[in-house]
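*Asks:* What shape does this take:
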Amino acid sequence: MWDFFGALRRHGVPASRIVAEAYAIGIRSLPILLVISGFVGTNLALQGYNAFKPLGGQRLVGMFVALAGVRELAPTIAAAMVAAKAGTEMASQIAVMRLREQIDALEVMAVNPLAWLVAPRLFAILLVMPALTIIAIFTMTSSAYAVAVFQLGLNGQTFLAFAADGVEQIDFFYGVVKALLFGVIICTVSCWYGFRAGKGPEGVGQATNGAVVTAAVVCVCLNYFVSELLYGGSLP
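*Replies:* Model prediction:
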């Protein structure tokens, strides 16, 4: 990151490539995010209903889904899907460039590889991660609503009322903060593994596997400490 900011200060960002990278990271990760978020929402509704039913608190399913989705699951799921789809592509593309000595060619042409290869990806992922997180929240809540109302027989207005009461505007802001942090981690870890890939197809495969595993583990572990910092141990 220190080398990256130094290169960014000296060479700037090739803005023409940010849109292309944003499409590759965001739009191409969207289908799998929609599928995973939808089924996570259905499971939240089902498990929440089964947990609250013995206590007579089925109406709290909406609050449970909203709290879990906005505060924790949506940013984490978005990060996991982006790491699995876009993070592996970043690592493999840069690893292949390293294997073919294209990165050395950039340096010979006085083009800083960090500014040319990393900067567009980092700015692009910072643009799309908050949007993907909000989409995940909407998809998760919608699928949970469908299961709660049409399968479990709960009142739709009650579900939405408790969901709205369960979260505040600051929770959405905290979710976006988590998404930005996760985006930085995914991009830097993936690019780091790509730049340091070994020779041959084995090196590319190891770089790709190491990138997705490391990024996912770091994001999940960091999520706890960020939640502790943002909410101050006052989670309801």
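
*Asks:* Help me confirm that Ala197 comes into contact with Arg100.
*Replies:* No. Look at Ala197 against Arg100 with Cβ atoms under 8 Å: they stay out of range, at 11.2 Å. Yep, even glycine has a C-beta here, placed from its N, CA and C like the rest.

*Asks:* Those two - which one has more neighbours?
*Replies:* Taking neighbours as other Cβ atoms under 10 Å, Ala197 and Arg100 compare with Ala197 leading, 24 against 10.

*Asks:* Show the subsequent helix or strand relative to the helix or strand bottoming out on mean pLDDT in the chain.
*Replies:* In the chain, no helix or strand scores lower on mean pLDDT, DSSP states H and E than helix 2-11, which sits at a mean of 68. Using DSSP states H and E, the next helix or strand after helix 2-11 towards the C-terminus is helix 18-22.

*Asks:* I'd like to know which elements the longest helix along the chain is packed against.
*Replies:* Criterion DSSP state H: the longest helix present in the chain is helix 200-231. Judged by 3 or more Cβ pairs under 8 Å, 6 or more residues apart in numbering; DSSP states H and E, helix 200-231 is in contact with helix 74-82, helix 88-99, helix 169-195.

*Asks:* The last one - what's its average pLDDT?
*Replies:* Along helix 169-195, the predicted local confidence has a mean pLDDT of 91.

*Asks:* now do the second one
*Replies:* On average, the pLDDT along helix 88-99 is 86.

*Asks:* chain center to the helix or strand that comes right after it, what's the gap?
*Replies:* Toward the C-terminus, helix 88-99 is succeeded by helix 102-108 as the next helix or strand (DSSP H and E). Centroid displacement of helix 102-108 relative to its chain, using Cα atoms, centre = their mean, to the nearest Å, is 31 Å.

*Asks:* Could you pull up the residues touching the spatially most central residue of the chain?
*Replies:* By Cα atoms, centre = their mean, the mean C-alpha position of the chain lies nearest to Ala79, the distance being 1.9 Å. Going by Cβ atoms under 8 Å, 6 or more residues apart in numbering, Ala79 touches Met129, Lys178, Ala179, Phe182, Gly183, Ile185, Ile186, Ala215, Ala216, Cys219.
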